[in-house]
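Engineer: sequence and predicted structure, then a few things I'm wondering about:
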Amino acid sequence: MSEKKLLIIKKILYVITMVLAVTNILVMFFFKDKVDMGKRIFCFVQYTFMLLVLSAPDLLKRWFKITIPLGLYIIIALFAFNALVLGETLNFYGKYPWWDSVLHFHSGVILPFVALWLINLIMEKNSKYIYMNKYFLSLFIIMFSLGTGAIWEICEYTSDELFHTNSQQYMETTSGTMISDDDIPLKGHEALQDTMKDLALDLAGSVVIAVYGFVRHDHLQKNIIER
């Protein structure tokens, strides 16, 4: 996809997020007696995070002189939009129980490319030596994806503890993030299903990319060296 089209996608995501964020603020201000303020504040936080994601490349370049490849950035931005805006604020997690699973598999596919970008960023010219060993490279991107997925699950657990949300979907009566006093929690082994399913999907997505990279290693390495 051309750079122009990628920038158009970025602008569309920014406009949609801003419109929804402003609408959320207006609802909080003019209808504060008729809406759930806790939910509105939660949505405001999600929109803020999304705007930070969209601003991240400019901030990293300005403060740390770090440039994120545009294609990788757009993929991450689309993932964040699907998770924060569609999943959280528009309650796709509650409406479509499979939405969370799709995103975790998607993250397992994205994170290997983030790992490769970090290798280039940290190792610079020496990164080509890491690419020479396809066994290490495959293992590294799988472990990176699983490690990042585990950190994400810790963040979800912390959010659920602090704000009484349902990020880890431990409720039997809803898969949405926001819960009520009427919702019933799962018990025992069933309460662990969402966390383990998410980690398994992170693993599956990363294995797909690792296997592809392993099989196509010689061809990909040649392209990297010739750059």
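Structural biologist: Structure's in. What do you need? Numbering: from 1, shown residues only.

Engineer: gap between the residue nearest to D198 when sequence neighbours are not counted and R40?
Structural biologist: Once flanking residues are discounted, D198 sits nearest to H104: 4.6 Å by Cβ to Cβ, 6 or more residues apart in numbering. (Each C-beta comes from the backbone N, C-alpha and C, glycine too.) From H104 across to R40, the span is 27 Å (Cβ to Cβ, to the nearest Å).

Engineer: how far away is D182 from T174?
Structural biologist: To T174, D182 is 9 Å away according to Cβ to Cβ.

Engineer: pick out whichever of those two has more residues nearby.
Structural biologist: T174 (18 against 7; other Cβ atoms under 10 Å).

Engineer: helix, strand or coil: sort out that one for me.
Structural biologist: coil (DSSP: H, G, I helix; E, B strand; the rest coil).

Engineer: what about M132, neighbour count?
Structural biologist: The burial count for M132: 12, using other Cβ under 10 Å.

Engineer: residues in contact with I110?
Structural biologist: Contacts of I110 were listed using Cβ atoms under 8 Å, 6 or more residues apart in numbering, and they are 75-76, 79, 205.

Engineer: please tell me how far I151 sits from D202.
Structural biologist: For I151 relative to D202 (Cβ to Cβ), the value is 11 Å.

Engineer: name the residue most distant from the centre of the protein?
Structural biologist: D33 (33.6 Å; Cα atoms, centre = their mean).

Engineer: dihedrals phi and psi, that residue?
Structural biologist: Here is the backbone geometry of D33 (degrees, to the nearest 10): phi -90, psi -10.

Engineer: what is the lengthiest helix in the chain packed up against?
Structural biologist: Ranked by residue count, the top helix of the chain under DSSP state H comes out as helix 134-163. Judged by 3 or more Cβ pairs under 8 Å, 6 or more residues apart in numbering; DSSP states H and E, the packing partners of helix 134-163 are helix 99-123, helix 127-131, helix 193-215.
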